[in-house]
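In: Got a sequence here, can you model it:
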Amino acid sequence: MITVNIPSATEQEGHYFYNIEVSIGDKGSAEVYRVSRRYSDFEHLRQALEVQTKRAVPYSLPSKLASLVKTSGAIVSERRQGLALFVDRLLNDPQYRRSSTVLAFFNLPQGVFLELDYDDMEKRRNSVGKIESPTQWLQVLRDVNVQLEHARQDVSEGGSVLKSKLKLKRCRAKLETLGKYNLGSSSGLGAGEMAKRRKLLQSALRCCEELDRLASDSSFLAGASSFASSSTADEKLDASKRQLWGSNRGRVIGKARETDVTRGLNNQELLQTQEQLMQRQDERLEHIREILQRQKQLGVAINEELDVQDEILKDFNQQVDRSAAKMHHAKKRLGNIL
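Out: Below you'll find the predicted structure:
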């Protein structure tokens, strides 16, 4: 879910900068990204997208022609609404929101829309449907346990709350389907096996609820931290400015050279650019971590598969023992007859 809001506009040196807020995710766990842009920046964005796609962008910007009878406040208010509608339509269009130009314009990280783009596909792929047999029941439960382990790692390592919530939502749907399956005598399972499976199902449900609660707590703490940090935004901005440009007031060109990227940026945008560079480095490290995590998940899945196969072999061994005992009694009776 993507929502766009432009709550205010800030005047700087005779120009208005529109403060954009982009919320991505569910209402309770949405991640909010903020950036300030001029009206002319939106025009340049639209032109760049038309050059890339070689066709006109179907979403229009608010009119640049101001009525003589309108005040500047009324014009800014109308533009805020029109720009918010333009951004909302642009980001809800998969063709445009995947563009690197759009991501850079709104200071959005790479892959921020992947979960939204593939959520429907993942739901279809992870849908269980109707459980047809006890073997399928056990296979689905094993898959749920693997997904719960992934969600547990995401929550414990401070990963994406939205991603964890989506995993837990799919796990809960699968567990509800398992709960509807009749583990009675018609399934061919013994009383002990049915009790064992019901216990495993209840354990998975409790684990899912606990992880969902922890994910919600993580989202709340992150929001509280963001609110607390907003009260000291000016101090942080000044400190970051001193780190980037030295302890002197203003920019000292001799110490820090301007580039095409930083030229024309204000202090806040300059800080955001620096944070973007650091974030890209973090994303590369995150990619390596995900590779290692997948290796661990593969090991967990193999271990669980071995446990299931071990249970099957134990059942088979018991059946062989029973058959051997029957053969022994049959031979004994045959010997007595002869």
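In: same for the helix or strand encompassing Q52, what does it pack against?
Out: According to DSSP states H and E, Q52 maps onto helix 39-53. Here helix 39-53 touches helix 72-91, helix 100-105, going by 3 or more CB pairs under 8 Å, 6 or more residues apart in numbering; DSSP states H and E. C-beta coordinates here come from the backbone N, C-alpha and C atoms, glycine included.
In: thought Q52 was touching T101?
Out: Yes - the pair Q52 and T101 passes the contact test of CB atoms under 8 Å, sitting 6.6 Å apart.
In: coming back round to it: please identify the buried residues of the helix holding Q52?
Out: The neighbour-count check on helix 39-53 (16 or more other CB atoms under 10 Å) flags Y39, F42, L45, R46, A48, L49 as buried.
In: distance between it and the chain's centre?
Out: 28 Å (CA atoms, centre = their mean, to the nearest Å).
In: Export that helix to CSV, keeping only CA atoms.
Out: Written as CSV, here are the backbone C-alpha positions of helix 39-53 (Å, rounded to 0.1, in the frame of the first residue of the first chain):
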residue,chain,number,x,y,z
TYR,A,39,7.8,22.5,-8.8
SER,A,40,10.4,22.7,-11.5
ASP,A,41,12.0,19.5,-10.2
PHE,A,42,8.7,17.7,-11.0
GLU,A,43,8.8,19.1,-14.5
HIS,A,44,12.3,17.8,-15.0
LEU,A,45,11.3,14.4,-13.6
ARG,A,46,8.4,14.1,-16.0
GLN,A,47,10.6,15.0,-18.9
ALA,A,48,13.3,12.5,-17.9
LEU,A,49,10.7,9.7,-17.7
GLU,A,50,9.3,10.6,-21.1
VAL,A,51,12.8,10.4,-22.6
GLN,A,52,13.4,7.0,-20.9
THR,A,53,10.0,5.4,-21.9
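In: show me where the protein has strands.
Out: Taking DSSP state E as the criterion, the chain carries its strands at 2-12, 15-24, 31-38.
In: helices or strands up against the second one?
Out: Packed against strand 15-24 by the contact rule (3+ CB pairs under 8 Å, 6+ apart) you find strand 2-12, strand 31-38, helix 72-91.
In: what angle sits between it and helix 72-91?
Out: Using axes from the mean of the first three to the mean of the last three CA atoms, to 10 degrees, the direction of strand 15-24 lies 40 degrees away from that of helix 72-91.
In: list the contacts for P58?
Out: If a contact means CB atoms under 8 Å, 6 or more residues apart in numbering, then P58 has no contacts.
In: separation between it and L90?
Out: 10 Å (CB to CB, to the nearest Å).
In: Against D315, how distant is M327?
Out: On the measure of CB to CB, M327 and D315 end up 19 Å apart.
In: Same check on S133?
Out: 15 Å.
In: what's the distance between R34 and E275?
Out: According to CB to CB, R34 and E275 sit 12 Å apart.
In: try D307
Out: The spacing between D307 and E275, counted by CB to CB, is 45 Å.
In: Just tell me which of the helices and strands packed on helix 39-53 ends up closest to K199.
Out: Among the helices and strands packed on helix 39-53, the nearest to K199 by CB to CB is helix 72-91 (46.0 Å).
In: For the closest one, name the packing helices and strands.
Out: By 3+ CB pairs under 8 Å, 6+ apart, helix 72-91 packs against strand 2-12, strand 15-24, helix 39-53, helix 94-97.
In: Please work out the angle formed by the directions of the third one and helix 72-91.
Out: Angle, helix 39-53 to helix 72-91, by the same axes, to 10 degrees: 20 degrees.
In: tell me the contacts of the spatially closest residue to S60 that is not a sequence neighbour?
Out: Of all residues not flanking S60 in the chain, F86 sits nearest, at 7.1 Å (CB to CB, 6 or more residues apart in numbering). Counting by CB under 8 Å, 6+ apart, F86 touches F42, Y59, S60, L61, P62.
In: make it 10 Å
Out: Residues near F86 by CB atoms under 10 Å, 6 or more residues apart in numbering: V4, F42, L45, R46, V57, Y59, S60, L61, P62, R79.
In: got it, and M1?
Out: S23, I24, G25, D26, K27, A30, N92, L116, D119, L162.
In: how close does it sit to Q95?
Out: M1 sits 18 Å away from Q95, going by CB to CB.
In: Next one: R284 from N317, what distance?
Out: With CB to CB as the criterion, R284 and N317 are 50 Å apart.
In: go on, G28?
Out: Going from G28 to N317 by CB to CB gives 50 Å.
In: Those two: which is more packed in?
Out: G28 (13 against 10; other CB atoms under 10 Å).
In: thinking again about what came up before, for the strands of the chain, could you give me TSV that also reports mean neighbour count?
Out: Converted to TSV, these look like this (neighbours: other CB atoms under 10 Å):
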stretch	mean neighbour count
strand 2-12	15
strand 15-24	18
strand 31-38	16
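In: Alright, that wraps it up for me.
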